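1. Starting from these lines, generate the structure:
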Amino acid sequence: MPKYHRIRDLREDMDINQTQFAKKLGMSQTGYSKYETGENDIPTDILIKIADIHKTSTDYLLGRTDMKKPYARSKERN
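-> You can find the predicted model right below:
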C-alpha cells in the first residue's frame, strides 16, 4: 500500500481527481501524485494544508492515529 494512502482515500471520498486537488494546493498534478504514491515526502506546510482541507489531523494522514476527527484546536491558530 502506498505510504500516503490516506490522502488518496480522503481525496477520492471528495469525488475529485488529483488535478482538482492539486489545484486546491496550488501545485501541479504530477507533484501531488508523487505524494500519494510516496515517491516524494510531503513538506510540512503542504501536509497541514491537506489536513485542513479534509478537517483531520496530520497524525491521521501520517498513520500515527486512526482517529479521523482531530482534537479541538486552540483559537490562537488561524
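2. going forward, measure contacts between C-alpha atoms and count neighbours the same way
-> Will do.
3. Any idea how many residues pack against residue 4?
-> Residues near residue 4, counting by other CA atoms under 10 Å, number 20.
4. Which residue, neighbours along the chain excluded, lies closest to it?
-> Spatial nearest neighbour of residue 4, chain neighbours left out: residue 36 (5.2 Å); criterion: CA to CA, 6 or more residues apart in numbering.
5. close enough to count as contact, that neighbour and residue 11?
-> No: if you go by CA atoms under 8 Å, residue 36 and residue 11 don't touch, sitting 10.0 Å apart.
6. just checking, what's the longest helix in this structure?
-> helix 44-54 (DSSP state H).
7. tell me the average confidence for the next helix or strand after that one?
-> Next helix or strand after helix 44-54 toward the C-terminus (DSSP states H and E): helix 58-61. Helix 58-61 shows a mean pLDDT of 93.
8. Next one: residue 25 from residue 19, what distance?
-> Distance from residue 25 to residue 19, counting by CA to CA, to the nearest Å: 10 Å.
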